[in-house]
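Asker: Let me see the structure of the following:
(one chain, ligands or ions: 2)
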Amino acid sequence: MTTKIAIFGVGLIGGSLALCFKGKPGLHVTGYTHLPELIHTFQERQVVDYATLSVEEAALDADFIFLCVPVSLLNTYLEQLSRLPLKKGCIISDVGSTKASIIACAEQLHFQTDVHFIGGHPMAGSERSGVGAASALLFENAYYVLTPPAGVPADAYDSLATLLSQHTRAQMVRVEPVLHDEIVGAISHLPHVIAVALVNQIREYNEHNPLYRMLAAGGFRDITRIASSDPIVWRDILLGNRHVVLNLLEDWNQGVQQFIELLQTQDARGIEQQFEYAGAFRDELPERRKGMIVNLYDLYLDVPDHPGIIGKITTEIGNRGINISNVQIIESREDVPGVMRLSFRNENDMEQAKAMLLDSEYSVFARV
Ligand SMILES: NC(=O)c1ccc[n+]([C@@H]2O[C@H](COP(=O)([O-])OP(=O)(O)OC[C@H]3O[C@@H](n4cnc5c(N)ncnc54)[C@H](O)[C@@H]3O)[C@@H](O)[C@H]2O)c1
Ligand SMILES: O=C(O)C(=O)C[C@]1(C(=O)O)C=C[C@@H](O)C=C1
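Answerer: Ligands and ions are numbered 1, 2, ... in the order given. Below is the predicted model of the structure:
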């Protein structure tokens with residue numbers, strides 16, 4: 001029997017979900033888009049099995065429907081779906097970065113008997129957007145929040161959680177919607193506001209002197225990557241969670257004020273302490289690819305800046321039958337050697353790769 005999955009909004013997150021499901025035995029993925037020009041792109045990228053401009057065609061036959069559109073559109077699509085004669089047992093979910101509003105909406109709606117909505121939010125993403133940025137690996141080892149409204153039966157929750165954990169390889173975690181918005185406001189929405197405000201501050205200085213942009217190095221890049229995120233997606237998230245974000249910005253102002261006072265009073269020990277507290281907390285953060293599910297074993301190596309070097313190293317390791325689970329370049333500056341992180345699923349693979357690389361005179365160190 002085929003499980004039919006419909007994805008509404010095949011962009012970064014919808015496209016990544018589609019790629020997690022597509023091609024798996026017993027699964028069929030339909031993509032809905034409101035833009036005729038995207039049908040061709042989906043086919044070209046082979047991201048879905050079938051693409052349609054019709055809500056009904058995508059939804060009526062689906063066992064699972066994922067709403068992956070900007071958050072201001074979620075309620076409208078959910079209302080539209082609640083009026084359709086969906087298949088018995090159909091589970092609707094979403095991927096929106098805010099949860100309180102969509103859950104409140106779902107609790108007001110009357111779905112057909114045995115059709116359920118369960119909120120969802122994968123805690124993984126990117127500053128890039130659109131189907132071109134989608135990846136089947138995006139959610140691997142990330143947390144995936146599920147927020148079921150009151151009254152959702154356990155078997156509906158379980159079947160969504162099983163489908164998602166099996167195919168995305170993310171770890172499901174159940175969180176109350178209001179608490180979700182408070183926490184995600186702090187660890188995701190506030191940082192996006194700060195990154196954008198910081199970049200805009202420097203952008204204005206740069207208008208008077210282009211040396212600002214020229215000299216901006218690793219520190220500025222590290223803290224501002226997310227300032228390049230999609231304006232429409234983030235407009236919606238911030239407006240949707242504005243009460244939470246406004247409170248957080250007040251706390252942020254207090255933190256800024258504290259630094260102003262430390263500098264005004266030349267409180268050297270106070271400044272040191274701020275870095276000590278922050279460093280201790282940050283160093284305890286779980287590394288994204290070293291989540292709770294599988295332990296990853298990482299090798300770090302300095303890579304010289306010449307074309308094809310990444311392909312050369314990974315091919316050499318692959319030719320020895322050693323599996324690499326992730327590759328990341330930790331960029332420092334554009335014109336100097338970077339650091340390459342190679343992740344392995346077990347110690348044996350890591351040790352074999354390390355021995356091989358040391359033989360090839362690369363500078364390598366390991367972290368487990
Ligand atoms: N970007 C992230 O890092 C991230 C992470 C987790 C969750 N999310 C959430 O995922 C959702 C999608 O974000 P994204 O980053 O994939 O954005 P995206 O811009 O890459 O994708 C959005 C998709 O929605 C479609 N869309 C826009 N208007 C539409 C309409 N009127 N009808 C139908 N489709 C429409 C677009 O064509 C696009 O395919 C948002 O709700 C966002 O809050 C984003
Ligand atoms: O890594 C990024 O670029 C992200 O912005 C991902 C991120 C986050 O802030 O952590 C962004 C929005 C989400 O809803 C979940 C994850």
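Asker: Run the chain-centre distance for the longest helix belonging to the chain.
Answerer: If you go by DSSP state H, the chain has its longest helix at helix 242-264. Helix 242-264 sits 26 Å away from the centroid of its parent chain (C-alpha atoms, centre = their mean, to the nearest Å).
Asker: just stretch 256-267 next, same as before
Answerer: Distance, centroid of stretch 256-267 to centroid of chain: 35 Å (C-alpha atoms, centre = their mean).
Asker: now stretch 139-156
Answerer: Worked out by C-alpha atoms, centre = their mean, stretch 139-156 lies 16 Å from the chain centre.
Asker: coming back round to it: what sits up against the longest helix of the chain?
Answerer: The contact list for helix 242-264, computed with C-beta atoms under 8 Å, 6 or more residues apart in numbering, reads 181-182, 185-186, 189-190, 193-194, 238, 267, 270-271, 274. Yep, even glycine has a C-beta here, placed from its N, CA and C like the rest.
Asker: Neighbour-wise, which one of these leads?
Answerer: residue 181 (25 neighbours; other C-beta atoms under 10 Å).
Asker: what's the distance between that residue and ligand 1?
Answerer: 12 Å (C-beta to the nearest ligand atom, to the nearest Å).
Asker: ranges for the strands of the stretch 201-350 of the chain?
Answerer: Taking DSSP state E, counting those that start in this stretch to define them, one finds strands in the stretch 201-350 of the chain at 297-303, 326-330, 338-344.
Asker: Can you say which of those is packed in most?
Answerer: strand 338-344 (a mean of 21; mean count of other C-beta atoms under 10 Å).
Asker: Mind giving me the packing neighbours of that strand?
Answerer: Packing contacts for strand 338-344, counted by 3 or more C-beta pairs under 8 Å, 6 or more residues apart in numbering; DSSP states H and E, involve strand 297-303, helix 309-319, strand 326-330, helix 347-359.
Asker: tell me, how many neighbours does residue 231 end up with?
Answerer: 10.
Asker: got it, and residue 158?
Answerer: 11.
Asker: Helix, strand, or coil at it?
Answerer: Secondary structure for residue 158, judged by DSSP: H, G, I helix; E, B strand; the rest coil, is helix.
Asker: separation between it and ligand 2?
Answerer: From residue 158 across to ligand 2, the span is 24 Å (C-beta to the nearest ligand atom).
Asker: Spit out the contact partners of residue 103.
Answerer: Residues near residue 103 by C-beta under 8 Å, 6+ apart: 119, 147, 149, 177.
Asker: ok, so what distance separates the last one from residue 102?
Answerer: Distance, residue 177 to residue 102, using C-beta to C-beta, to the nearest Å: 8 Å.
Asker: which neighbours do the two share?
Answerer: Joint contacts of residue 177 and residue 102 (C-beta under 8 Å, 6+ apart) are residue 119.
Asker: the more surrounded of those two?
Answerer: residue 102 (26 against 22).
Asker: sorry, back to before: for ligand 1, find the nearest of the strands of the stretch 201-350 of the chain.
Answerer: strand 326-330 (17.3 Å; C-beta to the nearest ligand atom).
Asker: Name the strands paired with the helix or strand hosting residue 5 and say parallel or antiparallel.
Answerer: Secondary-structure element containing residue 5, defined by DSSP states H and E: strand 3-8. In the sheet, strand 3-8 lines up against strand 27-32 (parallel), strand 64-67 (parallel) (DSSP bridges).
Asker: and whichever helix or strand comes after the last one, what does it pack onto?
Answerer: What that stands for is strand 64-67. In the C-terminal direction, the helix or strand that comes right after strand 64-67 (DSSP H and E) is helix 74-82. Counting contacts by 3+ C-beta pairs under 8 Å, 6+ apart, helix 74-82 is packed against helix 55-59, strand 64-67, strand 91-94, helix 100-108.
Asker: Compare these and give me the one nearest residue 361.
Answerer: Closest to residue 361 of those, according to C-beta to C-beta: strand 64-67, at 48.3 Å.
Asker: So is the closest one next to ligand 1?
Answerer: No - using C-beta under 6 Å from any ligand atom, strand 64-67 stays clear of ligand 1, coming no nearer than 8.0 Å.
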